[in-house]
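In: Just to be clear, the model below is a prediction. Sequence and coordinates:
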Amino acid sequence: MRAVIDTNVLVAALRSRRGAANAILRKAARKRFEIALSVPLFCEYLDVLVRPGMVPLSPAEVEEFCLSLAGIAHLQDIYFLWRPLLPDPKDDMVLELAVASEARYLVTFNAGDFRPAAAFQLRVVTPAQFLSLL
């Protein structure tokens, strides 16, 4: 099973060890499912996570975390862009990764922002919903 993890899920996972978002990362590390990752999404992860006060990690720790995540992820090139399709241009690259990688799930706290994803046979779920599927 392959899934794309939206940046807001990583933020939640790194802020709290108790929530579904953190549990999802632990399951990914144990190969319970495969995370799809592209260069643009990797760069967004880094950009957001190093912002002051965003997560309780130093910039070096954020970089180490992201590189570790990339080490277990399915790395996907994207050759076709579907833009503009979503209200937020940064969400378009998340959807494009999901389509290109043939992911079954897109995990986010902002499911409403991804309504057009249904046209791609992609299930948009919250971390708690995804955790229950695992």
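Out: Here it is on my side, so go on.
In: what sits against the spatially closest residue to Ser38 that is not a sequence neighbour?
Out: The shortest distance from Ser38 to any residue other than its chain neighbours is 4.6 Å, reached at Leu97 (CB to CB, 6 or more residues apart in numbering). C-beta coordinates here come from the backbone N, C-alpha and C atoms, glycine included. Shown in contact with Leu97 (CB atoms under 8 Å, 6 or more residues apart in numbering): Val4, Ala36, Leu37, Ser38, Pro40, Leu41, Gln76, Ile78, Ala103.
In: Helices of the chain, residue ranges please.
Out: With DSSP state H as the definition, the chain shows helices at residue ranges 7-15, 20-29, 39-49, 59-72, 89-100, 127-133.
In: list the helices and strands the fourth one packs on?
Out: Right, the one you point to is helix 59-72. Secondary-structure packing of helix 59-72 (3 or more CB pairs under 8 Å, 6 or more residues apart in numbering; DSSP states H and E): helix 20-29, strand 34-37, helix 39-49.
In: for this structure, what helix or strand is lowest in average pLDDT?
Out: In the chain, the helix or strand scored least confidently by mean pLDDT, DSSP states H and E is helix 89-100, which has a mean of 92.
In: Next, the angle from that one to helix 7-15.
Out: Orientation note: helix 89-100 sits at an angle of 100 degrees relative to helix 7-15 (axes from the mean of the first three to the mean of the last three CA atoms, to 10 degrees).
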